[in-house]
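> the amino acid sequence is not available; the structure is as follows:
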């Protein structure tokens, strides 16, 4: 099934990248500053890995002290990529199959962009149902009744104005990033 929208039309072109030699603690500070959940590791434009929040948590559970550890030592190296000419539906199916929330976009092994589920949902919100199949979404718990999820919908966050899944927090609809900060 083709949607007619290419990955190159939706991808983020201004992604955050670092060199594999960057210390993990510096990478974490950059992720917090830029408000991103992952960083592309590249050298001379070539993809060397992806450092995600999950990689950092895994490293913390194993090593406890990350000082002196380089980003390239703990990053994901087996990376699935996609071409900018691919249809967005193919990207969604690939992300679903691999259980990824992000894909580097490459041409001749050089990174030219980054595609995230947020990018896709911002462009085509109706693709949410296709994208979420295969993912286990943990809904927040309603404080009044622990068995019911809190009011949740998709839309524009009242804090950062990004399109995302929204949570009702004190009568204000905000995304998970704003909710956590």
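That came through fine. Model, not experiment: these values are computed from the prediction. Residues are numbered from 1 along each chain as shown.
> any idea which helix or strand in the protein has the lowest mean pLDDT?
helix 128-132 (a mean of 58; mean pLDDT, DSSP states H and E).
> for beta bridges, what are the partners of the closest residue to residue 76 other than its chain neighbours?
The spatially closest residue to residue 76, leaving aside those adjacent along the chain, is residue 50, at 5.0 Å (CB to CB, 6 or more residues apart in numbering). Yep, even glycine has a C-beta here, placed from its N, CA and C like the rest. Taking DSSP bridges as the rule, residue 50 bridges to residue 40, residue 76.
> contact partners for residue 52?
Taking CB atoms under 8 Å, 6 or more residues apart in numbering, we find residue 52 in contact with 37, 38, 76, 102.
> wait, residue 39 touches residue 24, no?
No: with contacts counted by CB atoms under 8 Å, residue 39 stays clear of residue 24, the gap being 10.4 Å.
> which residues are in contact with both of those two?
Contacts common to residue 39 and residue 24, judged by CB under 8 Å, 6+ apart, are 51, 71.
> confirm for me that residue 116 is in contact with residue 15.
No: taking contacts as CB under 8 Å, residue 116 lies outside contact range of residue 15: 9.2 Å.
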